[in-house]
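[1] Whatever this is, show me its structure:
(one chain, ligands or ions: 1)
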Amino acid sequence: MTETIKTGVLGATGAVGQRFIEALANHPWFEITALAASERSAGKKYRDAANWRLESQIPEEVADVEVVPVDVGAVDADLVFSALPADLAKKVELDFVKAGCVVASNAGAFRKEVDVPLMIPEVNPEHLGLIDVQRDNRGWDGCIVTNPNCTTIMFTLTLKPLMQFGLENVNIASMQAISGAGFDGIPGMAILENVVPYIGGEEEKVESEPLKLLGEFDGSQIIPADINISASCHRVPVMDGHLEALWVGMADDPTPDKVRQAFLDFDPGLSDLPTEPEHPIIVRDEPDRPQPRLDRNAGNGMSVSVGRIREGIRYMVMGHNTIRGAAGASVLNAELMHKKGYL
Ligand SMILES: NC(=O)c1ccc[n+]([C@@H]2O[C@H](COP(=O)([O-])OP(=O)(O)OC[C@H]3O[C@@H](n4cnc5c(N)ncnc54)[C@H](OP(=O)(O)O)[C@@H]3O)[C@@H](O)[C@H]2O)c1
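    As a prediction, this is how the structure comes out:
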(Lines give C-alpha, C1' and ligand atoms only; values in the text may rest on other atoms or scores of the structure.)
Protein backbone atom coordinates (compact mmCIF):
# COMPACT_ATOMS: atom_id res chain seq x y z
CA MET A 1 0.00 0.00 0.00
CA THR A 2 2.78 2.44 -0.75
CA GLU A 3 1.29 4.06 -3.88
CA THR A 4 -1.31 6.72 -3.25
CA ILE A 5 -4.71 6.70 -4.94
CA LYS A 6 -5.77 9.65 -7.08
CA THR A 7 -8.71 11.16 -5.24
CA GLY A 8 -11.31 13.76 -6.20
CA VAL A 9 -13.84 15.59 -4.06
CA LEU A 10 -17.17 16.51 -5.70
CA GLY A 11 -18.85 19.39 -3.88
CA ALA A 12 -15.46 20.32 -2.40
CA THR A 13 -16.48 23.84 -1.45
CA GLY A 14 -19.51 22.99 0.75
CA ALA A 15 -19.95 22.22 4.45
CA VAL A 16 -19.15 18.53 3.98
CA GLY A 17 -16.68 19.13 1.14
CA GLN A 18 -14.53 21.26 3.45
CA ARG A 19 -14.49 18.46 6.01
CA PHE A 20 -13.31 16.12 3.23
CA ILE A 21 -10.41 18.45 2.53
CA GLU A 22 -9.48 18.37 6.22
CA ALA A 23 -9.75 14.57 6.40
CA LEU A 24 -7.72 14.00 3.23
CA ALA A 25 -4.89 16.48 3.86
CA ASN A 26 -1.84 14.33 4.60
CA HIS A 27 -3.82 11.11 4.18
CA PRO A 28 -1.42 8.16 3.85
CA TRP A 29 -3.34 6.41 1.03
CA PHE A 30 -5.50 9.01 -0.74
CA GLU A 31 -3.99 11.99 -2.56
CA ILE A 32 -6.25 14.86 -3.60
CA THR A 33 -5.91 15.31 -7.36
CA ALA A 34 -9.17 17.14 -8.16
CA LEU A 35 -11.52 19.54 -6.40
CA ALA A 36 -14.86 19.96 -8.13
CA ALA A 37 -17.87 22.18 -7.51
CA SER A 38 -20.49 24.19 -9.39
CA GLU A 39 -19.96 26.54 -12.32
CA ARG A 40 -19.93 29.33 -9.72
CA SER A 41 -16.66 27.98 -8.35
CA ALA A 42 -15.05 26.33 -11.39
CA GLY A 43 -11.97 28.17 -12.65
CA LYS A 44 -11.27 29.82 -9.27
CA LYS A 45 -8.50 28.90 -6.87
CA TYR A 46 -9.88 26.76 -4.04
CA ARG A 47 -9.04 29.47 -1.45
CA ASP A 48 -11.24 31.94 -3.38
CA ALA A 49 -14.06 29.53 -4.16
CA ALA A 50 -14.51 27.95 -0.74
CA ASN A 51 -16.25 29.99 1.90
CA TRP A 52 -14.03 28.30 4.52
CA ARG A 53 -15.81 28.34 7.88
CA LEU A 54 -13.87 25.78 9.91
CA GLU A 55 -11.68 26.36 12.96
CA SER A 56 -8.68 25.14 10.93
CA GLN A 57 -6.97 26.89 7.99
CA ILE A 58 -7.33 25.73 4.37
CA PRO A 59 -4.50 23.20 3.92
CA GLU A 60 -1.70 24.86 1.92
CA GLU A 61 -1.49 22.00 -0.60
CA VAL A 62 -5.01 22.68 -1.92
CA ALA A 63 -5.30 26.44 -1.42
CA ASP A 64 -4.11 27.31 -4.94
CA VAL A 65 -5.61 24.32 -6.74
CA GLU A 66 -8.06 25.34 -9.48
CA VAL A 67 -11.61 24.12 -8.89
CA VAL A 68 -13.05 22.15 -11.84
CA PRO A 69 -16.66 21.38 -12.80
CA VAL A 70 -18.16 18.06 -11.65
CA ASP A 71 -17.60 16.44 -15.06
CA VAL A 72 -15.92 13.09 -15.55
CA GLY A 73 -13.61 14.62 -18.16
CA ALA A 74 -12.43 17.36 -15.81
CA VAL A 75 -11.76 15.24 -12.71
CA ASP A 76 -8.51 13.25 -12.73
CA ALA A 77 -9.19 10.62 -10.06
CA ASP A 78 -9.73 6.88 -9.48
CA LEU A 79 -11.62 7.46 -6.22
CA VAL A 80 -14.16 10.26 -5.77
CA PHE A 81 -15.86 11.41 -2.60
CA SER A 82 -19.23 12.98 -3.28
CA ALA A 83 -20.69 15.79 -1.18
CA LEU A 84 -23.16 16.92 -3.81
CA PRO A 85 -26.85 17.74 -3.32
CA ALA A 86 -28.81 14.47 -3.67
CA ASP A 87 -30.70 15.40 -6.87
CA LEU A 88 -27.46 16.22 -8.67
CA ALA A 89 -25.63 13.23 -7.15
CA LYS A 90 -28.07 10.85 -8.82
CA LYS A 91 -26.75 11.70 -12.29
CA VAL A 92 -23.18 12.77 -11.58
CA GLU A 93 -22.22 9.81 -9.36
CA LEU A 94 -23.51 7.41 -12.02
CA ASP A 95 -21.33 9.11 -14.65
CA PHE A 96 -18.26 8.57 -12.49
CA VAL A 97 -19.04 4.92 -11.68
CA LYS A 98 -19.66 4.17 -15.35
CA ALA A 99 -16.28 5.75 -16.14
CA GLY A 100 -14.68 3.17 -13.81
CA CYS A 101 -14.32 5.27 -10.64
CA VAL A 102 -14.99 4.14 -7.11
CA VAL A 103 -17.53 6.57 -5.63
CA ALA A 104 -17.89 7.02 -1.87
CA SER A 105 -21.04 9.07 -1.48
CA ASN A 106 -22.55 11.13 1.30
CA ALA A 107 -25.62 11.97 -0.68
CA GLY A 108 -28.90 10.13 -0.27
CA ALA A 109 -29.28 9.31 -3.98
CA PHE A 110 -28.28 5.61 -3.94
CA ARG A 111 -28.60 4.60 -0.27
CA LYS A 112 -31.78 2.59 -0.82
CA GLU A 113 -30.69 0.68 -3.95
CA VAL A 114 -30.63 -3.03 -3.11
CA ASP A 115 -27.16 -3.62 -4.58
CA VAL A 116 -25.52 -0.51 -3.09
CA PRO A 117 -23.82 -0.94 0.28
CA LEU A 118 -24.90 1.49 2.99
CA MET A 119 -21.97 1.34 5.36
CA ILE A 120 -20.70 2.13 8.82
CA PRO A 121 -17.44 0.14 8.98
CA GLU A 122 -17.81 -0.57 12.72
CA VAL A 123 -21.38 -1.83 12.20
CA ASN A 124 -21.61 -3.81 8.95
CA PRO A 125 -18.20 -4.27 7.29
CA GLU A 126 -19.39 -7.54 5.71
CA HIS A 127 -21.92 -5.59 3.59
CA LEU A 128 -19.01 -4.52 1.37
CA GLY A 129 -19.52 -7.91 -0.31
CA LEU A 130 -22.51 -6.30 -2.00
CA ILE A 131 -20.03 -4.55 -4.31
CA ASP A 132 -19.48 -7.85 -6.12
CA VAL A 133 -23.25 -8.21 -6.58
CA GLN A 134 -23.46 -4.60 -7.81
CA ARG A 135 -20.66 -5.11 -10.35
CA ASP A 136 -22.24 -8.36 -11.59
CA ASN A 137 -25.70 -6.79 -11.86
CA ARG A 138 -24.63 -3.63 -13.59
CA GLY A 139 -21.46 -4.60 -15.48
CA TRP A 140 -19.46 -1.82 -13.81
CA ASP A 141 -15.71 -1.76 -13.21
CA GLY A 142 -16.25 1.07 -10.77
CA CYS A 143 -18.68 0.89 -7.86
CA ILE A 144 -20.62 3.04 -5.44
CA VAL A 145 -20.72 2.80 -1.67
CA THR A 146 -22.75 5.15 0.52
CA ASN A 147 -22.75 6.30 4.11
CA PRO A 148 -25.97 6.96 5.99
CA ASN A 149 -27.62 10.19 6.95
CA CYS A 150 -25.74 12.04 9.72
CA THR A 151 -28.43 11.45 12.38
CA THR A 152 -28.63 7.74 11.57
CA ILE A 153 -24.89 7.17 11.95
CA MET A 154 -24.66 8.37 15.57
CA PHE A 155 -27.34 6.19 17.12
CA THR A 156 -26.91 3.16 14.83
CA LEU A 157 -23.32 2.87 16.04
CA THR A 158 -24.72 2.53 19.58
CA LEU A 159 -27.44 0.05 18.55
CA LYS A 160 -24.89 -2.42 17.19
CA PRO A 161 -23.60 -3.53 20.65
CA LEU A 162 -27.22 -3.73 21.87
CA MET A 163 -28.20 -6.28 19.19
CA GLN A 164 -27.03 -9.04 21.58
CA PHE A 165 -29.97 -8.15 23.90
CA GLY A 166 -32.64 -8.69 21.24
CA LEU A 167 -33.31 -5.21 19.92
CA GLU A 168 -37.04 -4.72 19.30
CA ASN A 169 -37.93 -1.05 19.11
CA VAL A 170 -36.26 2.34 19.15
CA ASN A 171 -37.72 5.79 19.68
CA ILE A 172 -35.46 8.72 18.88
CA ALA A 173 -35.73 12.50 19.22
CA SER A 174 -32.91 14.45 17.57
CA MET A 175 -31.53 17.93 18.22
CA GLN A 176 -29.60 18.64 15.03
CA ALA A 177 -26.93 21.24 14.35
CA ILE A 178 -27.35 23.87 11.64
CA SER A 179 -24.26 22.73 9.68
CA GLY A 180 -26.31 19.64 8.83
CA ALA A 181 -28.30 21.77 6.40
CA GLY A 182 -25.21 22.91 4.46
CA PHE A 183 -23.80 26.43 4.22
CA ASP A 184 -26.89 27.95 2.67
CA GLY A 185 -29.32 25.67 4.42
CA ILE A 186 -31.01 27.65 7.16
CA PRO A 187 -30.97 31.46 7.62
CA GLY A 188 -29.76 32.86 10.94
CA MET A 189 -33.06 34.73 11.31
CA ALA A 190 -34.91 31.40 11.29
CA ILE A 191 -32.77 29.51 13.81
CA LEU A 192 -31.26 31.99 16.30
CA GLU A 193 -33.18 31.95 19.59
CA ASN A 194 -35.35 29.21 18.12
CA VAL A 195 -35.96 25.49 17.54
CA VAL A 196 -37.44 24.26 14.27
CA PRO A 197 -39.41 21.03 14.84
CA TYR A 198 -39.21 19.84 11.25
CA ILE A 199 -36.42 18.71 8.89
CA GLY A 200 -37.78 17.67 5.52
CA GLY A 201 -37.33 13.96 4.74
CA GLU A 202 -35.17 13.34 7.82
CA GLU A 203 -37.49 11.15 9.88
CA GLU A 204 -38.08 8.74 7.00
CA LYS A 205 -34.30 8.28 6.57
CA VAL A 206 -33.72 7.85 10.30
CA GLU A 207 -36.47 5.22 10.52
CA SER A 208 -35.40 3.19 7.48
CA GLU A 209 -31.60 3.35 7.12
CA PRO A 210 -30.73 1.48 10.36
CA LEU A 211 -32.78 -1.51 9.17
CA LYS A 212 -30.45 -1.92 6.18
CA LEU A 213 -27.33 -1.20 8.25
CA LEU A 214 -28.22 -3.74 10.93
CA GLY A 215 -29.54 -6.25 8.39
CA GLU A 216 -27.92 -9.50 7.36
CA PHE A 217 -25.98 -9.95 4.10
CA ASP A 218 -26.73 -13.44 2.78
CA GLY A 219 -24.24 -13.30 -0.07
CA SER A 220 -26.64 -11.80 -2.57
CA GLN A 221 -28.83 -9.31 -0.70
CA ILE A 222 -29.44 -7.56 2.62
CA ILE A 223 -32.24 -8.95 4.79
CA PRO A 224 -33.40 -5.89 6.77
CA ALA A 225 -33.33 -6.04 10.58
CA ASP A 226 -36.71 -6.58 12.21
CA ILE A 227 -36.81 -3.48 14.44
CA ASN A 228 -39.44 -0.76 14.84
CA ILE A 229 -37.99 2.73 14.76
CA SER A 230 -39.93 5.93 15.39
CA ALA A 231 -38.22 9.32 14.97
CA SER A 232 -38.89 12.99 15.59
CA CYS A 233 -36.21 15.36 14.19
CA HIS A 234 -35.55 18.97 15.19
CA ARG A 235 -33.10 21.72 14.20
CA VAL A 236 -31.46 23.63 17.09
CA PRO A 237 -29.10 26.63 17.14
CA VAL A 238 -25.86 24.66 17.52
CA MET A 239 -23.09 24.94 14.89
CA ASP A 240 -21.83 21.32 14.85
CA GLY A 241 -22.88 18.16 16.69
CA HIS A 242 -26.17 16.27 16.67
CA LEU A 243 -27.54 15.31 20.09
CA GLU A 244 -30.08 12.46 20.17
CA ALA A 245 -32.36 11.07 22.92
CA LEU A 246 -33.03 7.32 22.63
CA TRP A 247 -35.60 4.95 24.15
CA VAL A 248 -34.63 1.37 23.29
CA GLY A 249 -36.79 -1.73 23.90
CA MET A 250 -34.96 -5.08 24.08
CA ALA A 251 -36.27 -8.63 24.61
CA ASP A 252 -33.70 -9.39 27.35
CA ASP A 253 -34.52 -6.21 29.28
CA PRO A 254 -30.88 -5.46 30.26
CA THR A 255 -30.04 -3.19 33.18
CA PRO A 256 -28.41 0.22 32.57
CA ASP A 257 -25.14 -1.25 33.89
CA LYS A 258 -25.23 -4.04 31.31
CA VAL A 259 -25.91 -1.55 28.54
CA ARG A 260 -23.07 0.68 29.73
CA GLN A 261 -20.74 -2.33 29.78
CA ALA A 262 -21.83 -3.33 26.26
CA PHE A 263 -20.87 0.16 25.03
CA LEU A 264 -17.49 -0.06 26.80
CA ASP A 265 -16.79 -3.54 25.44
CA PHE A 266 -17.72 -2.68 21.85
CA ASP A 267 -14.76 -3.61 19.68
CA PRO A 268 -15.55 -3.55 15.97
CA GLY A 269 -12.30 -5.37 15.14
CA LEU A 270 -11.27 -3.18 12.23
CA SER A 271 -7.58 -3.26 11.55
CA ASP A 272 -5.93 0.11 11.94
CA LEU A 273 -7.72 2.21 9.37
CA PRO A 274 -6.18 5.70 9.38
CA THR A 275 -9.46 7.51 10.17
CA GLU A 276 -10.75 4.93 12.67
CA PRO A 277 -11.13 6.35 16.20
CA GLU A 278 -9.55 4.43 19.07
CA HIS A 279 -12.98 4.27 20.73
CA PRO A 280 -16.00 4.50 18.39
CA ILE A 281 -18.26 4.84 21.46
CA ILE A 282 -17.19 6.87 24.49
CA VAL A 283 -19.25 6.60 27.69
CA ARG A 284 -19.65 9.92 29.53
CA ASP A 285 -20.60 9.36 33.17
CA GLU A 286 -21.08 13.02 34.13
CA PRO A 287 -24.84 13.66 34.56
CA ASP A 288 -24.97 16.54 32.06
CA ARG A 289 -23.06 14.94 29.17
CA PRO A 290 -22.70 14.48 26.26
CA GLN A 291 -22.84 18.06 24.99
CA PRO A 292 -22.06 19.21 21.44
CA ARG A 293 -19.54 21.90 22.38
CA LEU A 294 -17.66 19.69 24.84
CA ASP A 295 -17.72 16.33 23.11
CA ARG A 296 -18.05 16.71 19.32
CA ASN A 297 -14.30 16.62 18.63
CA ALA A 298 -13.66 13.40 20.56
CA GLY A 299 -11.55 10.99 18.51
CA ASN A 300 -10.89 13.74 15.94
CA GLY A 301 -14.66 14.01 15.50
CA MET A 302 -15.02 10.28 14.76
CA SER A 303 -16.13 9.02 18.20
CA VAL A 304 -19.73 9.24 19.36
CA SER A 305 -20.38 9.97 23.03
CA VAL A 306 -23.17 8.36 25.07
CA GLY A 307 -24.45 9.34 28.49
CA ARG A 308 -27.44 9.40 30.86
CA ILE A 309 -27.99 5.63 30.54
CA ARG A 310 -31.14 4.96 32.53
CA GLU A 311 -33.77 2.30 33.17
CA GLY A 312 -36.00 1.89 30.23
CA ILE A 313 -33.45 1.76 28.47
CA ARG A 314 -32.98 5.46 27.82
CA TYR A 315 -29.76 7.30 26.90
CA MET A 316 -28.29 10.24 24.96
CA VAL A 317 -25.95 10.06 21.96
CA MET A 318 -23.93 12.87 20.39
CA GLY A 319 -21.55 13.03 17.44
CA HIS A 320 -20.00 15.49 14.99
CA ASN A 321 -22.42 15.61 12.07
CA THR A 322 -20.09 16.79 9.30
CA ILE A 323 -17.20 14.51 10.39
CA ARG A 324 -18.55 11.26 11.91
CA GLY A 325 -21.87 11.90 10.20
CA ALA A 326 -20.49 12.76 6.76
CA ALA A 327 -16.95 13.28 5.44
CA GLY A 328 -15.12 11.16 8.05
CA ALA A 329 -17.68 8.39 7.56
CA SER A 330 -17.08 8.32 3.79
CA VAL A 331 -13.32 8.35 4.17
CA LEU A 332 -13.53 5.46 6.65
CA ASN A 333 -15.67 3.53 4.15
CA ALA A 334 -13.07 4.08 1.42
CA GLU A 335 -10.27 3.01 3.76
CA LEU A 336 -12.09 -0.25 4.47
CA MET A 337 -12.62 -0.76 0.72
CA HIS A 338 -8.92 -0.23 0.14
CA LYS A 339 -8.01 -2.66 2.91
CA LYS A 340 -10.39 -5.27 1.45
CA GLY A 341 -9.00 -4.86 -2.06
CA TYR A 342 -11.91 -3.03 -3.70
CA LEU A 343 -9.74 -0.02 -4.61
N1 LIG B 1 -24.07 18.76 6.24
C2 LIG B 1 -24.16 17.54 6.79
O3 LIG B 1 -24.05 17.37 8.03
C4 LIG B 1 -24.41 16.34 5.94
C5 LIG B 1 -24.33 15.09 6.55
C6 LIG B 1 -24.52 13.95 5.79
C7 LIG B 1 -24.78 14.07 4.45
N8 LIG B 1 -24.86 15.30 3.85
C9 LIG B 1 -25.12 15.34 2.41
O10 LIG B 1 -23.92 15.80 1.76
C11 LIG B 1 -24.25 16.55 0.59
C12 LIG B 1 -23.60 17.94 0.68
O13 LIG B 1 -24.13 18.64 1.79
P14 LIG B 1 -23.49 20.01 2.32
O15 LIG B 1 -24.09 20.20 3.64
O16 LIG B 1 -22.01 20.00 2.19
O17 LIG B 1 -24.09 21.07 1.25
P18 LIG B 1 -23.53 22.52 0.83
O19 LIG B 1 -22.77 23.15 1.94
O20 LIG B 1 -24.70 23.25 0.29
O21 LIG B 1 -22.49 22.22 -0.37
C22 LIG B 1 -22.94 21.77 -1.63
C23 LIG B 1 -21.75 21.51 -2.56
O24 LIG B 1 -22.26 21.06 -3.83
C25 LIG B 1 -21.87 21.97 -4.86
N26 LIG B 1 -22.96 22.18 -5.81
C27 LIG B 1 -24.19 22.68 -5.56
N28 LIG B 1 -24.91 22.78 -6.71
C29 LIG B 1 -24.11 22.31 -7.69
C30 LIG B 1 -24.25 22.15 -9.10
N31 LIG B 1 -25.39 22.48 -9.73
N32 LIG B 1 -23.23 21.62 -9.82
C33 LIG B 1 -22.07 21.27 -9.20
N34 LIG B 1 -21.85 21.40 -7.85
C35 LIG B 1 -22.86 21.92 -7.12
C36 LIG B 1 -21.53 23.28 -4.16
O37 LIG B 1 -20.61 24.01 -4.97
P38 LIG B 1 -20.57 25.64 -4.97
O39 LIG B 1 -19.89 26.06 -3.69
O40 LIG B 1 -19.75 25.95 -6.17
O41 LIG B 1 -21.99 26.11 -5.04
C42 LIG B 1 -20.91 22.76 -2.86
O43 LIG B 1 -19.58 22.38 -3.11
C44 LIG B 1 -25.80 16.59 0.53
O45 LIG B 1 -26.24 15.55 -0.30
C46 LIG B 1 -26.20 16.34 1.98
O47 LIG B 1 -27.48 15.80 2.10
C48 LIG B 1 -24.68 16.43 4.56
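
[2] Please work out how many residues are found near the residue of the chain found nearest the ligand.
    Closest approach between the chain and the ligand, counting by C-beta to the nearest ligand atom: G14, at 2.0 Å. Just so you know, the C-beta spots here come from the backbone N, C-alpha and C atoms, and that holds for glycine as well. By other C-beta atoms under 10 Å, 25 other residues sit near G14.

[3] Same check on E22?
    Neighbour tally, E22, other C-beta under 10 Å: 21.

[4] before we move on, what about A262?
    A262, neighbours per other C-beta under 10 Å, totals 18.

[5] Got the phi and psi for the nearest residue to it once chain neighbours are set aside?
    The shortest distance from A262 to any residue other than its chain neighbours is 4.3 Å, reached at P161 (C-beta to C-beta, 6 or more residues apart in numbering). With angles defined as degrees, to the nearest 10, P161 sits at phi -70, psi -10.

[6] Can you give me the pLDDT of P161?
    Turning to P161, the model gives it a pLDDT of 98.

[7] who's A173 bridged to?
    Going by DSSP bridges, A173 is paired in beta bridges with S232, A245.

[8] Am I right that it is in contact with V236?
    No - if you go by C-beta atoms under 8 Å, A173 and V236 don't touch, sitting 11.2 Å apart.

[9] what's the neighbour count on the residue nearest to A262?
    Residues near P161, counting by other C-beta under 10 Å: 21.

[10] Same check on the one 5 residues further on?
    Residues within reach of G166, counting by other C-beta under 10 Å, total 12.

[11] quick one, what contacts it?
    250-252 (C-beta atoms under 8 Å, 6 or more residues apart in numbering).

[12] top of the residues you listed by neighbour count?
    Ranking these using other C-beta under 10 Å puts M250 first, with 18 neighbours.

[13] surely the residue nearest to A262 meets L264?
    No - if you go by C-beta under 8 Å, P161 and L264 don't touch, sitting 9.0 Å apart.

[14] Can you work out which residues contact both of these two?
    I281.

[15] May I ask which helix or strand encompasses the closest residue to M119 other than its chain neighbours?
    Nearest residue to M119 in three dimensions, chain neighbours excluded: N333, at 4.8 Å (C-beta to C-beta, 6+ apart). Per DSSP states H and E, N333 falls inside helix 328-339.

[16] now swap in G185 and tell me
    Counting by DSSP H and E, G185 is found in no helix or strand.

[17] Now do the contacts for it.
    For G185, counting by C-beta under 8 Å, 6+ apart, the contacting residues are 15, 178.

[18] Now it: phi and psi?
    phi -70, psi -50.

[19] Might one say that the residue of the chain closest to the ligand is in contact with F183?
    Yes - applying C-beta under 8 Å, one finds G14 in contact with F183, separated by 6.0 Å.

[20] thinking again about what came up before, correct me if wrong: the residue nearest to M119 contacts C143.
    No - the criterion here is C-beta under 8 Å, and N333 misses it with C143 at 11.4 Å.

[21] low-scoring stretches of the stretch 1-150 of the chain, by residue?
    Residues of the stretch 1-150 of the chain that meet the criterion pLDDT under 70 lie in 1-2.

[22] swap the cut-off to 50 and go again
    Filtered on pLDDT under 50, the stretch 1-150 of the chain yields no residues whatsoever.

[23] Spell out which parts of it neighbour the ligand.
    11-17, 37-38, 40-41, 70, 83-86, 88, 106-108, 150 (C-beta under 6 Å from any ligand atom).

[24] can you rerun that using 8 Å?
    10-18, 36-42, 49-51, 67, 69-70, 82-86, 88-89, 92, 106-109, 147, 149-150 (C-beta under 8 Å from any ligand atom).

[25] What's the local residue count around the residue nearest to V196 when sequence neighbours are not counted?
    Closest residue to V196 apart from its sequence neighbours, by C-beta to C-beta, 6+ apart: R235 at 4.2 Å. Neighbour count for R235, taken as other C-beta under 10 Å: 23.

[26] check contacts around R235.
    R235 touches 176, 178, 180-181, 186, 191, 195-196, 198-199, counting by C-beta under 8 Å, 6+ apart.

[27] Check F96 too.
    10, 72, 75, 80, 82, 103, 142 are the contacts of F96 under C-beta under 8 Å, 6+ apart.

[28] try 10 Å this time
    Neighbouring residues of F96 by C-beta atoms under 10 Å, 6 or more residues apart in numbering: 8, 10, 70-72, 75, 77, 79-80, 82, 102-103, 105, 142, 144.

[29] Kindly supply the ChimeraX command isolating those of those that are buried.
    Buried residues within the contacts of F96, by 16 or more other C-beta atoms under 10 Å, are selected in ChimeraX with:
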select :8,10,70,72,75,77,79,80,82,102,103,105,142,144
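
[30] Looking at the contacts of F96, spot the one nearest V133.
    Distance to V133, by C-beta to C-beta, is smallest for I144 among those, at 12.4 Å.
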